[in-house]
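# quick check, what structure comes out for this input:
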Amino acid sequence: MPDKVARMNRFVVISGCSGGGKSTLLDELARRGHATVAEPGRRIVEQELASHGSALPWADADAFARRAIDLALADRAAAEHLPGWVFFDRSAIDAAAALDHLSGGQGRHIDALPRYHDMVFLTPPWPEIYVTDRERRHGFDDAVAEYQRLVLAYPANGYDLSVLDKVAVGDRADFILATLAQSTSTAYRPIEL
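Below you'll find the model as predicted:
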């Protein structure tokens, strides 16, 4: 059982507001030698745009959310072999919360999803750095509404939240790594591979 706990606690989610600096933060953590997993939604949008598909948040949000859940679950399973901390740009919980919102509470049950580390780090709404682009077409108000749903969804499913300060990316990475180092003695045991 301890190995299962150790594996679960290695998977750290960075979630929060769209355009809040998650991808930049994951890039910084990767630069420091940590395993990272890119956001499922962005990858889906890129694939759908390239193939002229319709599983896009602005065309078929339900299909997009279902695909995001499946991709996030595949990402988590594929990360099992990676050593040390693995940082995820969003998780299956984000997509399940979106699907739940779209379906009026009839989405996939979040509590049936595999667990991640108990501490989830959130990037708050940060209008000064928010931009739209080819893959992110929704406005800032929609991003804030999504953030507010996540602030409720994660704790409702047994996760603790740490909202990151609006500071330089290096400072954010330092904070996350220091917070995880503090939890190492009680929540994280290295896996013998």
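# strands of this protein, start to end?
Using DSSP state E, the strands of the chain run over 11-16, 35-37, 86-89, 119-123, 160-163.
# and these: which comes nearest L56?
Nearest to L56, of all the strands of the chain, is strand 86-89, at 18.5 Å by C-beta to C-beta. All C-beta spots, glycine's among them, are computed from the backbone N, C-alpha and C.
# which strands and helices sit next to the closest one?
If you count contacts as 3 or more C-beta pairs under 8 Å, 6 or more residues apart in numbering; DSSP states H and E, strand 86-89 packs onto strand 11-16, helix 22-31, strand 35-37, helix 61-78.
# need those in JSON lines with mean neighbour count, can you?
Formatted as JSON lines, the helices and strands packed on strand 86-89 follow (neighbours: other C-beta atoms under 10 Å):
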{"stretch": "strand 11-16", "mean neighbour count": "26"}
{"stretch": "helix 22-31", "mean neighbour count": "18"}
{"stretch": "strand 35-37", "mean neighbour count": "21"}
{"stretch": "helix 61-78", "mean neighbour count": "19"}
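# as CSV, the ones you listed with distance to Q182 and mean pLDDT would be great.
Formatted as CSV, the helices and strands packed on strand 86-89 follow (distance: least, C-beta to C-beta, whole Å; pLDDT from 0 to 100):
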stretch, distance to Q182, mean pLDDT
strand 11-16, 13, 95
helix 22-31, 17, 96
strand 35-37, 20, 97
helix 61-78, 24, 91
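# and of the ones you listed, who's closest to L152?
Comparison of the helices and strands packed on strand 86-89 against L152 by C-beta to C-beta identifies strand 11-16 as nearest, at 12.3 Å.
# excluding its backbone neighbours, what's nearest A79?
V86 (4.7 Å; C-beta to C-beta, 6 or more residues apart in numbering).
# that neighbour contacts L29, correct?
No - counting by C-beta atoms under 8 Å, V86 does not reach L29; the two are 9.8 Å apart.
# list residues touching both of the two?
T36 (C-beta atoms under 8 Å, 6 or more residues apart in numbering).
# show me what the residue nearest to A79 is bridged to.
Beta-bridge pairing of V86 under DSSP bridges involves F11, A35.
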